[in-house]
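Chemist: this one's sequence-less:
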């Protein structure tokens, strides 16, 4: 999946965590596409569209740079169709991430745990 290239747009909301989340979603979509659409080195058009959309949503997150994980976010910024598509990808790829990309999987799990421990601001 390393042959897939996405244009990165640096802005004031780009943080190491945002970059890591972009990489994580890229890998998850790549795993899903490879196993469901028989693409080895590249994404099919539907999966590429989903990845561009996901990266766009990350870049425009109103909570950045201290955004929660998407699962714990109070605002769901995905359109319903795209949200269902990304759910399918995550349901399939999530468990496989520990085998294929353990570092990204563990960091994503830790990000969710750390966010859960932060105290809300009053």
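Modeler: Perfect, I can see it now. Treat the numbers as computed from the prediction; the structure is a model and nothing was measured.
Chemist: show me where pLDDT drops low in this protein?
Modeler: Along the chain, the model assigns pLDDT under 70 to residues 1-13, 39, 114-122.
Chemist: tell me which element the most centrally placed residue in it is part of?
Modeler: Geometric centre of the chain, nearest residue: residue 25, 2.9 Å, by CA atoms, centre = their mean. Per DSSP states H and E, residue 25 falls inside helix 16-37.
Chemist: run the angle between whichever helix or strand comes after that helix and helix 16-37 for me.
Modeler: On the C-terminal side of helix 16-37, the nearest following helix or strand under DSSP H and E is helix 45-59. Orientation of helix 45-59 against helix 16-37 (axes from the mean of the first three to the mean of the last three CA atoms, to 10 degrees) gives an angle of 170 degrees.
Chemist: buried residues in whatever helix or strand comes next after helix 45-59, which are they?
Modeler: Moving toward the C-terminus from helix 45-59, the next helix or strand (DSSP H and E) is helix 80-100. By neighbour count on 16 or more other CB atoms under 10 Å, the buried set for helix 80-100 is 85-86, 89-90, 93, 97. (Each C-beta comes from the backbone N, C-alpha and C, glycine too.)
Chemist: with stretch 45-53 instead?
Modeler: Neighbour-count burial for stretch 45-53, with 16+ other CB under 10 Å as criterion, is recorded at 47-48, 50-51, 53.
Chemist: likewise for stretch 54-70?
Modeler: Per 16+ other CB under 10 Å, stretch 54-70 contains these buried residues: 54-55, 57-59, 61, 64, 67-70.
Chemist: so which residues make contact with the helix holding residue 25?
Modeler: Helix 16-37 has contacts (CB atoms under 8 Å, 6 or more residues apart in numbering) with 1, 4, 6, 8, 39-40, 43-44, 46-47, 50-51, 54-55, 58-59, 61, 64-65, 67, 86, 88-90, 92-94, 96-97, 100-101, 104-105, 107-108, 111.
Chemist: tell me the phi and psi of residue 60?
Modeler: With angles defined as degrees, to the nearest 10, residue 60 sits at phi -110, psi 20.
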